[in-house]
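Participant: I'll drop the sequence and a predicted model, then ask my questions.
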Amino acid sequence: MYVLTNPQKSKGAAAMLYPGLLQSIAEATQSSFYILPSSIHEVLLMKEGNGMGAKELQSMVTDINQAQVPPQEVLSNQVYFYDGKEQKISLALSPEETRELAGNREMVSAGYEGMETESMEEEMER
C-alpha cells in the first residue's frame with residue numbers, strides 16, 4: 001500500500017490529478033491499482049491482486065470515513081481503479097453494486113443482517 005499526497009501533506013489528495021503521475025506509479029509498480037480516498041489530504045493506492053476485492057475496500061473506506069475522518073475532510077466513499085494498461089480511472093464498483101453495498105450496510109446497522117425479506121417486512125409492519 002502506498003500513500004499519495006503532496007509535500008505539505010495538506011489537501012494532498014489532489015496529487016492524483018497531477019499529469020502522468022498515476023501512469024508513472026503503474027509503470028513503477030508494474031500493476032494496476034485501487035485508489036482509496038483516505039481524506040482530502042491523501043489517497044491510498046493498493047495494488048490489484050492484494051487479496052481484497054473492491055467491495056471489501058469500499059466498505060473499509062466507508063467505515064473509516066464514518067468513524068475517523070472529520071466530515072469536512074471526507075473526500076469520497078467511492079473506491080476507484082486505475083488500469084495501467086488502458087491508462088484510465090474508473091469506479092471500482094458499478095453504481096448498482098454501490099447501492100447494494102450501501103443497502104446491506106443499512107440493514108446491518110439496523111439489526112436486519114441475515115433476515116429474509118419477508119421477515120423484515122413483517123418486522124417493519126409491527
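Facilitator: Sure, I can see it.
Participant: do you know how far the nearest residue to Gly12 once chain neighbours are set aside is from Leu91?
Facilitator: Spatial nearest neighbour of Gly12, chain neighbours left out: Thr5 (3.0 Å); criterion: C-beta to C-beta, 6 or more residues apart in numbering. For every residue, glycine as well, the C-beta is placed using N, CA and C. Applying C-beta to C-beta, to the nearest Å, the value for Thr5 to Leu91 is 22 Å.
Participant: looking at these two, which one has more neighbours?
Facilitator: Neighbour comparison, Thr5 and Leu91: the larger count goes to Thr5, with 19 against 14 (by other C-beta atoms under 10 Å).
Participant: confirm for me that that one is in contact with His41.
Facilitator: Yes. In this structure, Thr5 is within contact of His41 by C-beta atoms under 8 Å, at 6.1 Å.
Participant: what sits in contact with each of the two?
Facilitator: Counting by C-beta atoms under 8 Å, 6 or more residues apart in numbering, the common neighbours of Thr5 and His41 are Gly12, Ala13.
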